[in-house]
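Q: Here's my sequence, what's the structure:
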Amino acid sequence: MIFLRRGFLAVPALLLPGGARAQKQNQIPLKWYTVQIEDNAFTVEMPGIPDHRLVNDVSARGTAFPLHSYSLDVGGYSYVAQTALYPGDVDASKPRAILQAALDGRAPRLEGRKWAKVGWREIQGGAAAESVGAVPGGNALRQLALLKGRRYVSLAFLGAATGVTGIEAERFFASLRLQP
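A: As a prediction, the model looks like this:
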């Protein structure tokens, strides 16, 4: 199985002390924005304009590629949307194995070192895993990882455990629109 050597960094960064900002409860803005993700890979709605960061990653065989990460902390919640186009040396013919590796890579940062819930499905022609897990400090992380061809897409929402199934999280995840 071929997967990323270092894994994706932005979602695990939410779990570090700086991510503790998600514990504060502020008023949610009424204005949501459609964010066009790099290379027109997809759109997603966020309750503000996110910061864009480019992360240099490397496949298991050593091929460098960029990961685009869009993050926003607002209203006591953290929102992250990420995408990467895997290089040719990544075997994308078994998407579930790649997605499982992504889940396994994040699990050590969860309470109990495992996800409380993982569901597998297809979204807009891509294999997807949606997961929820408790993180230290009383918050929870909900993520959606999707692979369509060589395109990797990830959405993550961090906040109070009740928030991961709340209106804001539901709107964020339901707004995902992959481009053809």
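
Q: CA only for contacts and neighbour counts going forward, please
A: Will do.

Q: now the strands for this protein?
A: Along the chain, counting by DSSP state E, strands occupy 33-36, 42-46, 51-58, 64-74, 77-85, 117-123, 126-134, 139-148, 151-160, 177-178.

Q: out of these, which comes closest to Ala102?
A: Ala102 sits nearest to strand 139-148 of all those, at 7.9 Å, using Cα to Cα.

Q: Paired strands for the closest one, with orientation please.
A: If you go by DSSP bridges, strand 139-148 pairs up with strand 126-134 (antiparallel), strand 151-160 (antiparallel).

Q: Wait, Val74 touches Pro50, no?
A: No: here Val74 does not reach Pro50: they are 9.9 Å apart, not a contact under Cα atoms under 8 Å.

Q: Could you dump the strands of the chain into TSV and include mean pLDDT?
A: Shown next, in TSV, are these (pLDDT from 0 to 100):
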stretch	mean pLDDT
strand 33-36	94
strand 42-46	96
strand 51-58	96
strand 64-74	96
strand 77-85	96
strand 117-123	97
strand 126-134	97
strand 139-148	97
strand 151-160	96
strand 177-178	94
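
Q: can you redo those strands as TSV with mean neighbour count and distance to Gly105?
A: TSV is the format used below for the strands of the chain (neighbours: other Cα atoms under 10 Å; distance: least, Cα to Cα, whole Å):
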stretch	mean neighbour count	distance to Gly105
strand 33-36	14	27
strand 42-46	20	24
strand 51-58	15	14
strand 64-74	20	16
strand 77-85	24	16
strand 117-123	13	14
strand 126-134	21	13
strand 139-148	23	12
strand 151-160	24	14
strand 177-178	16	24
